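Asks: any chance you could fold what I've pasted below:
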Amino acid sequence: MSKKSKMAVYTPDHIANLIGAKHHGSSINYPITYLLIDSRKLVFPSATLFFAIKSSTGDGHAYIHDLYQSGVRNFVVAVLPELDLFPEASFFVVQDVVKALQQLAVYHRNQFDYPVIGITGSNGKTIVKEWLNHILQNKFHIVRSPRSFNSQLGVPLSIWGMNSENDLAIFEAGISKRHEMSTLHSIIQPNIGLITNIGEAHNDGFSSSAEKLNEKLSLFQGVDVLLYCKDHFLVDQQVSQLLTTKAIKKVYTWSRTSTAANVFLYKIEQHHRSTSLYVRVGEKEISFVIPFIDQVAVENAMHCFTMACYLGVSEDVVGYMLDLPPLSLRLEMVDGQLGSRIINDSYNADLSGLLSALDFMGLQNQSWKRAVILSDISGINKDVEKVYADLSSYLKSKKVKRLYGVGSVIQEHEQCFIDNQIDCLFFKDTEELLNNIHVSDFRDELVLIKGARNFQFERIGALLENKKHRTRLEVDLSAIAQNLHQYKSALRPTTKLMVMVKAFSYGAGSFEIANLLQYSHVDYIAVAYADEGVELRRAGIRLPIMIMNTEEESFSSLITHNLEPELYSTEISIAFAQFLSKEGISHYPVHVKLDTGMHRLGFEEQELNAFFQQSNVQQLMHVKSVFTHFVASEDPLQDAFTQKQLAVFNRLCISLQHQLLLHHFRMLVHMPLLQLQPKLLLMQSA
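Replies: Got it, this is the predicted structure:
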């Protein structure tokens with residue numbers, strides 16, 4: 001592949017050669033731009049190559065039929081399905097699907113020679129990566145791991161995002177057992193390394209912290225420079241040995257205690273909601289503020305600032321340190337039902353992360369009653385009894401009154417918590433807990449949810465978090481079918497139809513109505529809020545779904561469930577663009593609302609031009625439709641105003657089409673039927 005191409009585009013034949021696959025089925029050579037391992041995250045079927053991976057939780061081969069029905073035509077498999085069932089599909093048969101994915105990623109990585117930062121450590125990898133992107137994005141065109149893609153599967157998918165428009169890459173690597181890092185090293189091939197720390201996370205796979213650290217440090221074999229904190233004695237000791245053996249070329253360090261470090265943190269001032277940090281870099285003294293007060297945030301921020309110093313942009317990033325964003329992967333506090341507040345920290349349950357979460361809980365309103373839902377603590381190999389006894393005392397010091405324990409290990413140490421007069425309930429697994437708790441159990445409480453990833457505690461958060469935007473209205477289902485037929489009979493055959501089923505179809509049964517529309521070959525469904533779209537997806541609705549009231553809190557759900565947002569203001573559009581950039585997602589389908597006279601929601605002309613002229617918007621978003629709201633299209637007395645709106649709408653569409661260089665552009669008009677015949681018509685379901 002040429003280094004000049006902007007996106008990763010390979011032909012299936014090329015990929016087959018790269019991974020040593022045997023080709024079966026169709027000979028149609030669809031170009032490949034996207035790699036997929038999770039069928040739920042399909043966005044662009046015709047340009048997608050699906051890797052049918054078999055794991056302990058499922059077999060990707062089971063989803064081939066559904067993906068084929070959705071338009072996917074290229075599959076990497078270990079077991080060849082019956083070809084007659086998939087006449088247009090190409091299957092590439094390999095012995096090991098995971099290794100094929102990794103092999104393809106290695107080839108793609110080798111097409112680019114700009115700097116690649118590799119990050120590993122026990123904790124903080126994702127936060128440091130995202131904060132580095134935040135402070136460096138105005139100096140570099142960055143590609144990075146989406147979310148916490150740091151595993152044997154996540155890293156190859158991250159590498160696939162590299163293209164010639166970038167001049168810096170930031171990838172994280174995580175391991176849980178021996179001999180995993182060598183594979184990640186061959187894929188990432190970093191020339192700048194950063195290790196965050198070494199702690200208890202994933203201790204189960206190693207005989208000692210030293211062994212785990214050695215495995216992690218193998219990511220940095222041959223790097224030009226390794227950044228780390230000298231105050232971590234074990235890290236400093238073993239890195240010094242790597243310098244002696246010339247496994248790494250040089251180091252660049254920071255410290256609170258050693259003036260020999262390249263960046264010396266000589267003073268910390270903690271305020272009510274922020275922390276001022278004072279550092280010395282050579283002869284320069286620099287100060288900056290971060291919007292956090294916990295020690296974990298200080299360490300992660302110093303990792304980032306030290307990297308900025310090494311890259312020579314320390315003074316340029318000082319202002320960006322002040323608005324470092326909180327990350328939803330950890331310590332996300334949201335409104336719960338019945339007056340409760342939920343601290344959702346269900347990403348992992350290692351001891352250091354748990355103590356940090358309890359510290360965060362301790363900073364909240366002291367009048368709240370406190371409960372903790374906790375799984376078995378991971379990474380404890382010895383002194384298990386003492387760890388749980390100490391944890392019990394720590395819970396008591398943070399005024400925790402109730403504990404819900406999930407897992408066999410924590411249940412074995414029930415007495416530790418009873419001794420400190422903490423009310424306890426224990427469950428063998430998350431399913432049993434969900435079957436035995438009620439939302440009313442947590443009325444007016446502050447609840448910390450802290451669980452190892454395999455316990456799937458996100459299900460508990462979904463139960464306890466506040467549900468919004470539910471309304472009720474009685475609707476005649478047969479009348480909807482009749483209305484649909486009437487609309488379709490009045491349209492040209494080439495005109496597509498979008499049906500509004502917002503507010504869960506007005507309480508009439510969202511699945512029943514959506515299923516009727518799907519059966520009737522409607523082209524699009526539109527709903528008000530993302531949670532409505534999620535429910536439709538869970539019920540098996542595959543139609544494209546537009547979300548009209550796009551909210552920042554729903555961005556993750558949009559991507560997960562393949563929902564298409566309406567962009568109606570500069571603020572929400574910028575926020576969504578930043579989210580797509582953070583997640584490493586490009587060309588995501590969106591719908592643009594224009595304000596042509598109603599003056600409620602929608603882009604006005606100046607805002608529209610300013611937003612879509614930004615250089616990265618076209619790469620991040622794919623505009624599927626543009627629409628407006630005709631205020632009085634049903635009133636003949638207001639036809640002059642309607643025609644004025646239409647003229648403005650047409651002019652803005654042409655302007656936007658010109659800006660985005662679109663060849664296929666659909667116009668969506670929100671109105672009862674007019675003489676106008678657009679390419680895509682929006683109707684209401686009641």
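Asks: which stretch of helix or strand covers residue 525?
Replies: In this assignment (DSSP states H and E), residue 525 forms part of strand 524-527.
Asks: after that strand, heading C-terminal, what element do we hit next?
Replies: With elements assigned by DSSP H and E, the helix or strand that comes after strand 524-527 is helix 530-538.
Asks: and the following helix or strand past that following helix, what does it pack against?
Replies: Using DSSP H and E, the helix or strand that follows helix 530-538 in sequence is strand 545-547. Packing partners of strand 545-547 (3 or more CB pairs under 8 Å, 6 or more residues apart in numbering; DSSP states H and E): strand 524-527, helix 530-538, strand 564-567. For the C-beta atoms, the positions are set from N, CA and C on the backbone; glycine is no exception.
Asks: looking at the ones you listed, spot the one closest to residue 446.
Replies: Set against residue 446 and scored by CB to CB, these come closest in helix 530-538, at 23.9 Å.
Asks: report the distance from that closest one to the chain centre.
Replies: Put simply, helix 530-538 sits 18 Å off its chain's centre (CA atoms, centre = their mean, to the nearest Å).
Asks: likewise stretch 598-606?
Replies: Relative to the centre of its chain, stretch 598-606 is centred 30 Å away, using CA atoms, centre = their mean.
Asks: ok, stretch 446-458 next?
Replies: With CA atoms, centre = their mean as the basis, stretch 446-458 stands 18 Å off its chain's centre.
Asks: what's the end-to-end length of that stretch?
Replies: Its first and final residues considered, stretch 446-458 spans 17 Å by CA to CA, to the nearest Å.
Asks: list the buried residues for it?
Replies: By 16 or more other CB atoms under 10 Å, the buried positions in stretch 446-458 come out as 446-452, 455, 457.
Asks: what about it, average pLDDT?
Replies: For stretch 446-458, mean pLDDT rounds to 84.
Asks: likewise for stretch 647-666?
Replies: 71.
Asks: need the residues that contact the strand holding residue 525.
Replies: Outside of strand 524-527, the residues within contact range by CB atoms under 8 Å, 6 or more residues apart in numbering are 496-502, 514, 517, 533, 536, 541, 543-548, 680, 682.
Asks: now do stretch 289-299
Replies: Applying CB under 8 Å, 6+ apart, the contact partners of stretch 289-299 are 123-124, 196-197, 229, 268, 270-277, 301, 321-324, 326, 356, 359-360, 363.
Asks: tally of neighbours for residue 283?
Replies: As a burial measure, residue 283 scores 5 neighbours (other CB atoms under 10 Å).
Asks: same question for residue 607.
Replies: Counted with other CB under 10 Å, the neighbours of residue 607 add up to 16.
Asks: was I right about it contacting residue 570?
Replies: Yes - applying CB atoms under 8 Å, one finds residue 607 in contact with residue 570, separated by 5.0 Å.
Asks: in the helix or strand hosting residue 252, what's buried?
Replies: Element membership of residue 252, judged by DSSP H and E, is strand 251-255. Buried residues in strand 251-255, counted by 16+ other CB under 10 Å: 251-255.
Asks: could you flag which of the contacts of strand 524-527 are buried?
Replies: Here, 16+ other CB under 10 Å leaves 497-502, 514, 517, 533, 536, 541, 543-548, 680, 682 buried among those.
Asks: follow-up on the earlier one: now the strand holding residue 525: mean pLDDT?
Replies: For strand 524-527, the mean pLDDT works out to 90.
Asks: same question for stretch 249-259.
Replies: 96.
Asks: swap in stretch 497-510?
Replies: So the average pLDDT for stretch 497-510 ends up being 63.
Asks: just stretch 276-290 next, same as before
Replies: Across stretch 276-290, the average pLDDT comes to 96.
Asks: in it, what counts as buried?
Replies: Counting neighbours by 16+ other CB under 10 Å, one finds that the buried residues in stretch 276-290 are 277, 279-281, 288-290.
Asks: only alpha carbons, please: show it as PDB.
Replies: Below are the C-alpha coordinates for stretch 276-290, written out as PDB (Å, rounded to 0.1, in the frame of the first residue of the first chain):
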ATOM      1  CA  SER A 276      -1.000  23.300  41.000                       C
ATOM      2  CA  LEU A 277       2.200  21.600  40.000                       C
ATOM      3  CA  TYR A 278       5.700  23.300  39.900                       C
ATOM      4  CA  VAL A 279       8.400  21.700  37.900                       C
ATOM      5  CA  ARG A 280      12.000  22.400  36.900                       C
ATOM      6  CA  VAL A 281      13.100  21.300  33.400                       C
ATOM      7  CA  GLY A 282      16.800  22.000  33.000                       C
ATOM      8  CA  GLU A 283      17.200  25.700  33.900                       C
ATOM      9  CA  LYS A 284      13.500  26.500  33.400                       C
ATOM     10  CA  GLU A 285      10.800  26.600  36.000                       C
ATOM     11  CA  ILE A 286       7.300  25.900  34.800                       C
ATOM     12  CA  SER A 287       4.000  25.700  36.600                       C
ATOM     13  CA  PHE A 288       0.600  24.400  35.500                       C
ATOM     14  CA  VAL A 289      -2.800  23.500  37.000                       C
ATOM     15  CA  ILE A 290      -4.700  20.300  36.600                       C
END
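Asks: domains in this protein, by residue range?
Replies: Taking automatic domain parsing as the criterion, the chain consists of the domains 12-97, 112-321, 332-464, 477-684.
Asks: TSV please, covering those domains and showing distance to residue 103.
Replies: Formatted as TSV, these follow (distance: least, CB to CB, whole Å):
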stretch	distance to residue 103
domain 12-97	5
domain 112-321	9
domain 332-464	27
domain 477-684	21
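Asks: of all these, which lies closest to residue 106?
Replies: Closest approach to residue 106 among the domains of the chain (CB to CB): domain 112-321, 5.5 Å.
Asks: quick one: end-to-end distance for the closest one.
Replies: From its first residue to its last, domain 112-321 covers 30 Å (CA to CA).
Asks: residues near residue 590, how many?
Replies: By other CB under 10 Å, 24 other residues sit near residue 590.
Asks: Three-state assignment for it, please.
Replies: Put simply, residue 590 is strand when judged by DSSP: H, G, I helix; E, B strand; the rest coil.
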